[in-house]
Structures are given as structure tokens and as C-alpha cells.
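Asks: fold the following, please.
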Amino acid sequence: MAVASPDPFGRYEWVRSPRRGVIRVHGWALDPSAPTTPVTTYVVIGGRRGEPGTEVRSIAANRRRDDVAWGYPHAGPNHGFNSEVTTSKTGRQTVCVYAKNVGAGQDTELGCRTVDIVK
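Replies: Next up is the predicted model:
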């Protein structure tokens, strides 16, 4: 598949709260400027990046995703994220995920979802 932009891209597929103070985020990301390098993603809990009161956690998109490798064979499979992160937040929260840019381009918001974090 052709990529028109140097910005990272991917998909934020879901978020869950398996237990108090923990969320699990799942998806994938890659950067066309460094297609075989795992991308760093930022999980923002409580709103969008830069909003007051949010918590930011960093996770690597380095888990095997054969579906990504199939769609982008030049990038390989190691671009998934399926990680737990801790938070002090509870209740209904917005959780956004951003892919950090490498090289040319800029960071990309992969999306925002709402989750009920276990109290």
C-alpha cells in the first residue's frame, strides 16, 4: 500500500480497564520514515494531549502483528501495542493514543475512546 504522508499512522482499536488503576490499550502504529523501527506511542488518560489534568504514558508499538506485515510488507510485523498502563484516574475517562513521529512529519493522533476505569 502506498503512503502519501511522512507522518506515522496506525489504528487505535480498543481500550479496557481490567482492574482498578489499570487500562489496557490495543492497536498498531508505524512511521513511513522508519518503517522497520517500532514507534513510540503516547497514551493520554483524561483527555487529549496538552489538556490540563491528563496523565501521559509511553508504550512501544513493537508487538507482532501479522496483519500489519501483510498490509505493509516492507515494514515487517513488529508494530502492535497491547499494553497495560497504570493511572490514578477512575470512572469514565477519555483515552487518546498518539504515534510519535520519527524523522520528517509530525506526531499523529490515532484516536480517542471512552473507558470506565474500575474504581
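Asks: show me the contacts for Arg19.
Replies: With contacts defined as Cβ atoms under 8 Å, 6 or more residues apart in numbering, the neighbours of Arg19 are Val118. Where C-beta positions appear, they are placed from N, C-alpha and C, glycine not excepted.
Asks: you'd agree Val68 is in a helix?
Replies: Yes. Membership of Val68 in a helix is supported by DSSP: H, G, I helix; E, B strand; the rest coil.
Asks: I'd say it and Gly27 touch.
Replies: No. Taking Cβ atoms under 8 Å as the contact criterion, Val68 and Gly27 are not neighbours in contact, 10.0 Å apart.
Asks: quick one: common contacting residues for the two?
Replies: Joint contacts of Val68 and Gly27 (Cβ under 8 Å, 6+ apart) are Gly80.
Asks: all strands of this protein, in order?
Replies: Secondary structure of the chain (DSSP state E): strands at 9-19, 22-30, 39-45, 55-61, 63-64, 78-86, 91-99, 108-117.
Asks: who are the packing partners of the third one?
Replies: In this structure, strand 39-45 packs against strand 22-30, strand 55-61, strand 78-86, strand 91-99, with contacts taken as 3 or more Cβ pairs under 8 Å, 6 or more residues apart in numbering; DSSP states H and E.
Asks: as JSON lines, the ones you listed with mean neighbour count and mean pLDDT would be great.
Replies: Listed next are the helices and strands packed on strand 39-45 as JSON lines, based on neighbours: other Cβ atoms under 10 Å; pLDDT from 0 to 100:
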{"stretch": "strand 22-30", "mean neighbour count": "22", "mean pLDDT": "98"}
{"stretch": "strand 55-61", "mean neighbour count": "17", "mean pLDDT": "98"}
{"stretch": "strand 78-86", "mean neighbour count": "19", "mean pLDDT": "97"}
{"stretch": "strand 91-99", "mean neighbour count": "20", "mean pLDDT": "98"}
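Asks: can you put these in TSV and add distance to Val118?
Replies: Below are the helices and strands packed on strand 39-45 laid out as TSV (distance: least, Cβ to Cβ, whole Å):
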stretch	distance to Val118
strand 22-30	8
strand 55-61	16
strand 78-86	12
strand 91-99	9
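Asks: quick revisit: between the strands of the chain, which one is closest to Tyr72.
Replies: Each of the strands of the chain was scored for nearness to Tyr72 using Cβ to Cβ, and the closest is strand 22-30 (6.5 Å).
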